[in-house]
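Participant: no sequence for this one, just the structure:
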C-alpha cells in the first residue's frame, strides 16, 4: 500500500449530527417512537431497535402486530449499535429487537472469521446464530429470519463508474487511489467491514476517507459529488433505486449473510408463546424488493416509520 495520509475529516461528524437532528425534527427516523406505550391490557412487552431506518420500520412492525394481538407494547427504538441493543436485551430492559444473522455472529458472539467463512448459506448462518443465542444466560431465541440478505453495498456515483468502467469491487480497488470514500465509524472498525475489503481486495488505497455516520448524508454527498465518489450502504436502502448510483459487484462474496430476525428473551417467549407465530408472520411478508420500497418511503418520501410499518401490515392483512 502506498504511504499516504488518510484524512478522516472531523467536520463530517458535525454534519452527520446536524443532519440527523434535522431529520428527526421532521418526524423521520422514528424519533417519536422511543419510549412510547400502546396496545391492549395484555402482557407488557418492550421492543427495541438499532438506530437506522430499516430497524425503525421492523421494530414498529413487531410493535403494531403485537398490539393488534392485545399486548401492551413499549417502544424503545433508536437504541444505537447492536452492542447497546444486545446489552438492553440481556439486562431485561427490552424483550426483543431485530438483529441480522451475520451481525449476530460477528459483533455479538465473536464467532471468528475462519468459522464464518465456512457458512455457505443463509440457513447455515441463521442456525449458527440461533444456537449461540440459545446457549446464553439468560437465553435468547432468534426466530425465523426474513428471506432478504441486507448485506453491505459499496456504491459509486454512476458518472464515475461509467467513465472508469467500474463494475466490481476488484475494479474499484484498482481505481481507489484516485477516489474518495465516504464511510462510517462502525464500518471502518468492524472486522467484516473495511478491514475485510482490504484483506480480500488488497489494492484498496483510497485517496481520502471521510466519515459520515448518518446514512442519508453519505448518499447525498456521493450523489451531489461534494463529499466523495464512493460510499457504503446496505442493499435494501431505498436510495439505491437511483440511476445516479451504481452498486459494485462483490465477486468474492466476502461478506456473511445478514438476514434480519427478531431476537427475543427466551423467558419472555415461554411466558407468551403466541408471540412466536405473530412475529414470524410479520417476517414472512418481507423480501428485498419490499424492504427497499419501505425504506425508500421513509428516507426519500419523508414518511414516518411507524406509519409505513402500520400501512404494510394492514395491506398484508396482519392488522386491521
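Facilitator: Good, I have the coordinates. None of these values were measured; they are calculated from a predicted model.

Participant: Please make it C-alpha for all contacts and neighbour counts, starting now.
Facilitator: OK.

Participant: residue ranges with poor pLDDT in the stretch 201-320 of the chain?
Facilitator: Applying pLDDT under 70 to the stretch 201-320 of the chain picks out no residues at all.

Participant: ranges for the helices of it?
Facilitator: 215-224, 266-271, 274-283, 288-299, 305-315 (DSSP state H, counting those that start in this stretch).

Participant: buried residues in the fourth one?
Facilitator: If I follow you right, that is helix 288-299. Of the residues in helix 288-299, 288, 291, 292, 293, 294, 295, 296, 297, 298, 299 count as buried by neighbour count, 16 or more other CA atoms under 10 Å.

Participant: between the helices of the stretch 201-320 of the chain, which gets nearest to residue 120?
Facilitator: Proximity to residue 120, assessed across the helices of the stretch 201-320 of the chain by CA to CA, is greatest for helix 288-299 (19.6 Å).

Participant: which helices and strands does that closest one pack with?
Facilitator: helix 53-68, helix 305-315 (3 or more CA pairs under 8 Å, 6 or more residues apart in numbering; DSSP states H and E).

Participant: out of these, deepest packed?
Facilitator: Compared across the helices and strands packed on helix 288-299, helix 53-68 shows the largest average neighbour count, a mean of 26 (mean count of other CA atoms under 10 Å).

Participant: now the helices and strands packed on helix 288-299 as CSV including distance to residue 45?
Facilitator: Shown next, in CSV, are those (distance: least, CA to CA, whole Å):
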stretch, distance to residue 45
helix 53-68, 9
helix 305-315, 17
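
Participant: between the ones you listed, which gets nearest to residue 212?
Facilitator: helix 53-68 (15.8 Å).

Participant: So what's the model's average confidence on the closest one?
Facilitator: Computed over helix 53-68, the mean pLDDT rounds to 97.

Participant: what about residue 75, is that helix, strand or coil?
Facilitator: Following DSSP: H, G, I helix; E, B strand; the rest coil, we place residue 75 in the strand state.

Participant: Kindly tell me how buried it is, as a neighbour count.
Facilitator: 23 (other CA atoms under 10 Å).

Participant: what sits opposite it in the beta ladder?
Facilitator: Using DSSP bridges, the bridge partners assigned to residue 75 are residue 47.

Participant: re earlier: output the helices of the stretch 201-320 of the chain as CSV; include the columns distance to residue 162.
Facilitator: Output for the helices of the stretch 201-320 of the chain, formatted as CSV (distance: least, CA to CA, whole Å):
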stretch, distance to residue 162
helix 215-224, 14
helix 266-271, 51
helix 274-283, 37
helix 288-299, 24
helix 305-315, 35
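
Participant: To residue 206, which of those lies closest?
Facilitator: helix 215-224 (14.8 Å).

Participant: which stretch among the helices and strands packed on helix 288-299 comes nearest residue 216?
Facilitator: helix 53-68 (9.9 Å).

Participant: counting contacts, what elements does that closest one pack onto?
Facilitator: strand 37-39, strand 44-48, strand 72-76, strand 96-100, helix 274-283, helix 288-299, helix 305-315.

Participant: again, only this time at 7 Å
Facilitator: Judged by 3 or more CA pairs under 7 Å, 6 or more residues apart in numbering; DSSP states H and E, helix 53-68 is in contact with strand 37-39, strand 44-48, strand 96-100, helix 274-283, helix 305-315.

Participant: if we can go back for a sec, any idea which of the helices of the stretch 201-320 of the chain gets closest to residue 258?
Facilitator: That would be helix 288-299 among those, by CA to CA, at 11.8 Å.

Participant: Show me the contact partners of that closest one.
Facilitator: Identification of contacts with helix 288-299 by CA atoms under 7 Å, 6 or more residues apart in numbering yields 28, 53, 54, 148, 236, 237, 238, 239, 303, 304, 305, 308.

Participant: how far out from the middle of the chain is it?
Facilitator: Relative to its parent chain, helix 288-299 has a centroid offset of 12 Å by CA atoms, centre = their mean, to the nearest Å.

Participant: And stretch 130-147, by the same measure?
Facilitator: For stretch 130-147, the distance to the chain centre is 18 Å (CA atoms, centre = their mean).

Participant: which residues are in contact with that stretch?
Facilitator: Residues from elsewhere that reach stretch 130-147, judged by CA under 7 Å, 6+ apart: 90, 259-266, 280, 283-284, 286-287.

Participant: now that we have those, which one has the most neighbours?
Facilitator: residue 260 (28 neighbours).

Participant: Return the set of residues that bridge with that one.
Facilitator: Beta bridges link residue 260 to residue 100, judged by DSSP bridges.

Participant: so it sits right up against residue 98, yeah?
Facilitator: Yes: with contact defined as CA atoms under 7 Å, residue 260 counts as touching residue 98 (6.3 Å).

Participant: on that earlier part again, closest one to residue 231 out of the contacts of stretch 130-147, please.
Facilitator: Closest approach to residue 231 among the contacts of stretch 130-147 (CA to CA): residue 259, at 21.6 Å.

Participant: Which residues are in contact with the closest one?
Facilitator: If you count contacts by CA under 7 Å, 6+ apart, residue 259 has them with 100, 101, 145, 146, 147, 148, 149, 150.
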